[in-house]
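1. Here's my sequence, what's the structure:
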Amino acid sequence: MTYSLAIHGGAGTLLKENMTPEKEAAYHDALARALEAGEAILREGGSAMDAVEAAVCALENEPLFNAGRGAVYTSEGTQEMDAAVMDGRDRRAGSVAGVFGPKNPVKLARAVMERTEHVTLIGPNA
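-> Reported below is the predicted structural model:
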């Protein structure tokens, strides 16, 4: 089976001159772990959706990245997280915005897609 998986480490600017070799290596290692989490599922014949969820969860679990509980704070000093998924097979989508609570917002976005008639839920009641 041929597959591709692409990830990115989030929004923001990381300037090379502000990086130590150790910190840069830590970022690269964390990205490699996220790719491996998704690729492991694809190698075993798992679904693209499961692979994407695993890769994004790895990023959300990594405090180096602006994702999940590592997300930057709002001007009010709170975290509001967003996540979205889409299944290319049937074009279903799910997303959440402005949520706080779940460790992995991508799992919540997938639940919106799979368990509700909605595409997007926003705010604390999502």
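2. hey, let's count contacts and neighbours off CA atoms from now on
-> Fine.
3. for the most centrally placed residue in the chain, what are its contacts?
-> Centroid-nearest residue in the chain, with CA atoms, centre = their mean: Val56, separated by 3.1 Å. Residues in contact with Val56, defined by CA atoms under 8 Å, 6 or more residues apart in numbering, are 34, 106.
4. Just confirm it is within a helix.
-> Yes: counting by DSSP: H, G, I helix; E, B strand; the rest coil, Val56 is located in a helix.
5. so where's this structure shaky on pLDDT?
-> Of all residues in the chain, those with pLDDT under 70 make up the ranges 11.
6. got the residue ranges for the helices in it?
-> With helices called from DSSP state H, the chain shows them at 21-43, 48-60, 105-115.
7. Of all the ones you listed, which one comes closest to Glu76?
-> helix 105-115 (20.3 Å; CA to CA).
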